[in-house]
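*Asks:* Kindly return the folded structure for what I paste below:
(chains A and B)
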Amino acid sequence: MYEIVEGFLTAIHLIVTFDPDVYEVAFRSIYITLSATLIASIISIPIALFLAFRTFPGKRTIINLVHTLYALPTVLIGLVVFLMLSRQGPFGFLGLLFTPGAMIIGQTILVIPIIIGLTYSALVAMDPVIKDTIISLGANYFQFMASILKEIRFVVYATVAMAFGRAISEVGAAIMIGGNIRGYTRVLTTSIALETSMGNIEFSMALGIILLFIALVVNFVMTSIRREAD
Amino acid sequence: MLRIEGLRKSFGEKEVIRGLDAEVPKGEIFVIIGPSGQGKSTILRLIDMLDTPTAGNILLDGMDITMLSDREQQQVRRRIGMVFQDPAIFRGSVYENVAYGLRFRDLSKEEVHRRVTQALHDMRLEGYEEQDARTLSGGEKHRVAFARTIVTQPEVILMDEPTSDLDPVTTGILEELIFSIRDTYNATIVLSTHDMFQGQRLGDRIAVMMGGTFIQTGTPKEVFTSPNNRDVAYFIGFENIFDGEIIRSEEGVATITAGTAEILAVTDRPPGSKISWCLRTEDIRLHMSQEHIARSPLANHLDGVVKSIDMVGPQNHVTIDCGIDIILVVSWRFAARVGLQPGMNVRVAFNAGSVHVMDG
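*Replies:* Here you go, the predicted structure:
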């Protein structure tokens, strides 16, 4: 018990004194996850709009697949991306393995199904009169899509915040694809795993508190969005 | 000018619109009345190109709008406005809601402001500009929907049950606004309602929709006084509807079988015609059997027995067995004065001109 309390106090000390090692890892985590979430949003939201408003063969199967991928194990993503980017893999020539770029790819793949699925659900649950009214008011295709997104913007914000939370807390793929290289690909989750295994409990706890703080911020953002939407 | 020719619409196996024709001149309020589930909303959606007809044409100023590309549809749709039964309110202020359609039209900020301000004035929504539109009452939301539609200055305005679920006072206000929209913007209005009296109040012409088609179209007076079959008569509130046969006819006055009795009616139909006839409750007079009644050549008098007395609002609906069950209306005061009771012998009287003869 004493060890835990001492570890907690040391962790607080590391945070308030702006320990460069702690903050370097934290900022890298945020940078990688923000990049992945942004890229995934740019890819996923148009796909969700397409799925919601177009009819084509196999649409139901794709939607089921997207929902199944919500629970995709992160180590499996790590394995697939590792194989793709490894020297013998089809994209090995890019030299991305064990780089922040590879970690962004992994996290992007992780959250794309979440953003597609939740945005799609919001779109199909939308009052059809809203869609009809927008069309009836004379919107062209792009005006229609923009208006629809504007109407469900709070759901989209919450979905993106949720995706960010899922990506930043992921550890399996980050270790496999990033390699946990100090000063280069080491992020909050991989660092906590490593430092704990090495017995640096204080350092792990400091990182854990930051991760928890980020999770709280994400949760606060989502709650605020939900309140605004209501 | 809006013209509909042979319009049909099926959803899967179910045919909702079954060969429908109509012509609505510019500036007319054309009201589609009919019971729920008869396809009234479907017609409006087809005119607004939100659905595609299975067959037939819809012509707007001579142009068939059922065969247009997506881009052409969007251009034509900007000449049409639609107010939905349960209007959608977008997130944002009343001003933003009213300006919504104008944002699609590349208008200057000044023009948007001018039009929105005018529409808010016309719909009596001044002072609501900054209010969150989702916090408005039902009637106010309808007025926002009206404003959002008229602000784009459409040539044709479609209104799908625009006052359903609203209280009578709000309904009255919206009905005034509908006239004001027609007069101010000279728009053609096609409006659907299941409220026959609203149809009568608002419509320059009325179309009665049943079974997926217009079974009668005419001015409110034509439809409400001369229904062309039993279904229309029933829908517009005739309570006395009977089948019969013309057995004699002389100088436009026919004798018609009515159960065990015979009645006189003014009609040109020849003897032998199988017909239906109807009679409004308010056109029937009730007399006590012992009363002396001056007889006129075109008066019908039937003796009968009071079968039942039902209170409906401030009046009594009295059913009298005259061989056929005739329903008439008397005031509570009259019923009390004469001591009206079931089983009493009475006499009903009505003029031959009050009997409307229609297809059997």
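
*Asks:* Contacts only, for B:Leu50.
*Replies:* Taking Cβ atoms under 8 Å, 6 or more residues apart in numbering or on different chains as the criterion, B:Leu50 is in contact with A:132, A:135-136, B:82. For the C-beta atoms, the positions are set from N, CA and C on the backbone; glycine is no exception.

*Asks:* do A:Thr74 as well
*Replies:* Residues A:106, A:110, A:170-173 are the ones in contact with A:Thr74 under the rule Cβ under 8 Å, 6+ apart.

*Asks:* any idea which of the residues you listed is closest to chain B?
*Replies:* Proximity of the contacts of A:Thr74 to chain B (Cβ to the nearest Cβ) peaks at A:Leu110, which lies at 30.6 Å.

*Asks:* And that closest one, how far from A:Gly165?
*Replies:* If you measure A:Leu110 against A:Gly165 using Cβ to Cβ, to the nearest Å, the figure is 12 Å.

*Asks:* Tell me which of the two has more neighbours.
*Replies:* A:Leu110 (25 against 21; other Cβ atoms under 10 Å in any protein chain shown).

*Asks:* helix or strand for the more buried one, which one?
*Replies:* Counting by DSSP states H and E, the element that carries A:Leu110 is helix A:100-125.

*Asks:* Mind checking the pLDDT average for that helix?
*Replies:* Helix A:100-125 shows a mean pLDDT of 96.

*Asks:* which element follows it toward the C-terminus?
*Replies:* Using DSSP H and E, the helix or strand that follows helix A:100-125 in sequence is helix A:128-136.

*Asks:* any residue of that next one up close to chain B?
*Replies:* Yes - looking at helix A:128-136 against chain B by Cβ under 8 Å from any Cβ of the partner chain, the contacts come from A:129-130, A:132-136.

*Asks:* Report the mean confidence score over whichever helix or strand comes after that helix.
*Replies:* Sequence-wise, the next helix or strand downstream of helix A:128-136 (DSSP H and E) is helix A:141-151. This predicted structure assigns helix A:141-151 an average pLDDT of 94.

*Asks:* and for helix A:141-151, what are the contacting residues?
*Replies:* With Cβ under 8 Å, 6+ apart as the test, helix A:141-151 has contacts from A:45, A:49, A:123, A:126, A:130-131, A:134-135, A:139, A:156, B:70, B:90-91, B:100, B:103-104.

*Asks:* Can you give me the buried ones in that helix?
*Replies:* Counting neighbours by 16 or more other Cβ atoms under 10 Å in any protein chain shown, one finds that the buried residues in helix A:141-151 are A:143-145, A:147-149, A:151.

*Asks:* Run the chain-centre distance for the longest helix that chain A contains.
*Replies:* Across chain A, the longest stretch assigned as helix under DSSP state H is helix A:20-53. When distances are taken as Cα atoms, centre = their mean, to the nearest Å, helix A:20-53 is centred 5 Å away from the chain's centroid.

*Asks:* For that helix, name the packing helices and strands.
*Replies:* Contact partners of helix A:20-53 among helices and strands, from 3 or more Cβ pairs under 8 Å, 6 or more residues apart in numbering or on different chains; DSSP states H and E: helix A:59-68, helix A:100-125, helix A:141-151, helix A:153-168, helix A:188-197, helix A:201-229.

*Asks:* swap the cut-off to 10 Å and go again
*Replies:* When contacts are defined as 3 or more Cβ pairs under 10 Å, 6 or more residues apart in numbering or on different chains; DSSP states H and E, helix A:20-53 sits against helix A:2-16, helix A:59-68, helix A:100-125, helix A:141-151, helix A:153-168, helix A:188-197, helix A:201-229.

*Asks:* which secondary element of chain A has the worst mean pLDDT?
*Replies:* Lowest by mean pLDDT, DSSP states H and E among the helices and strands of chain A is helix A:2-16, with a mean of 81.

*Asks:* buried stuff in it?
*Replies:* Taking 16+ other Cβ under 10 Å as the criterion, helix A:2-16 shows A:7-8, A:10-11, A:14-15 as buried.

*Asks:* relative to helix A:20-53, how tilted is it?
*Replies:* Computed by axes from the mean of the first three to the mean of the last three Cα atoms, to 10 degrees, the angle separating helix A:2-16 from helix A:20-53 equals 80 degrees.

*Asks:* quick one: the residue of the stretch 251-360 of chain B found nearest chain A and B:Val232, what's the gap?
*Replies:* Relative to chain A, the nearest point of the stretch 251-360 of chain B is B:Gly313 (34.7 Å; Cβ to the nearest Cβ). Taking Cβ to Cβ as the measure, B:Gly313 falls 24 Å from B:Val232.

*Asks:* got it, and B:Ile29?
*Replies:* 20 Å.

*Asks:* try A:Leu69
*Replies:* For A:Leu69, the distance to B:Val232 equals 58 Å [Cβ to Cβ].

*Asks:* Neighbour count for these two, which is higher?
*Replies:* Neighbour comparison, A:Leu69 and B:Val232: the larger count goes to B:Val232, with 22 against 16 (by other Cβ under 10 Å).

*Asks:* looking at it, that one is touching B:Met210, isn't it?
*Replies:* Yes - with contact taken as Cβ atoms under 10 Å, B:Val232 and B:Met210 are classed as touching, separated by 7.5 Å.

*Asks:* Identify the contacts common to those two.
*Replies:* Contact with both B:Val232 and B:Met210 is made by residues B:33-34, B:216, according to Cβ atoms under 10 Å, 6 or more residues apart in numbering or on different chains.

*Asks:* Name the member of those with the most neighbours.
*Replies:* The member of the shared contacts of B:Val232 and B:Met210 that has the most neighbours, counting by other Cβ under 10 Å, is B:Ile33 with 29 neighbours.

*Asks:* any low-confidence regions in the chain?
*Replies:* In the absence of a named chain, chain A is used. Across chain A, residues meeting the criterion (pLDDT under 70) sit at A:1, A:3, A:230.

*Asks:* Actually, chain B is the one I wanted.
*Replies:* Across chain B, residues meeting the criterion (pLDDT under 70) sit at B:289-295.

*Asks:* Flag every buried residue along the biggest strand by length in it.
*Replies:* As far as residue count goes, and with DSSP state E defining each element, the longest strand of chain B is strand B:299-312. Residues of strand B:299-312 classed as buried under the neighbour-count rule (16+ other Cβ under 10 Å) are B:300-302, B:304, B:306.

*Asks:* Now render these as TSV, adding distance to chain A.
*Replies:* Supplementary listing: these in TSV, determined by distance: Cβ to the nearest Cβ, whole Å:
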residue	distance to chain A
B:Asn300	52
B:His301	56
B:Leu302	52
B:Gly304	52
B:Val306	51
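
*Asks:* Please export the C-alpha coordinates of the helix or strand hosting B:Ala207 as CSV.
*Replies:* B:Ala207 is part of strand B:205-210, with elements assigned from DSSP H and E. Taking only C-alpha atoms (Å, rounded to 0.1, in the frame of the first residue of the first chain), the coordinates of strand B:205-210 have been written out as CSV:
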residue,chain,number,x,y,z
ARG,B,205,-62.3,23.3,-55.7
ILE,B,206,-62.4,20.0,-53.8
ALA,B,207,-61.4,16.6,-55.0
VAL,B,208,-62.8,13.7,-52.9
MET,B,209,-60.2,10.9,-52.8
MET,B,210,-61.2,7.3,-52.2
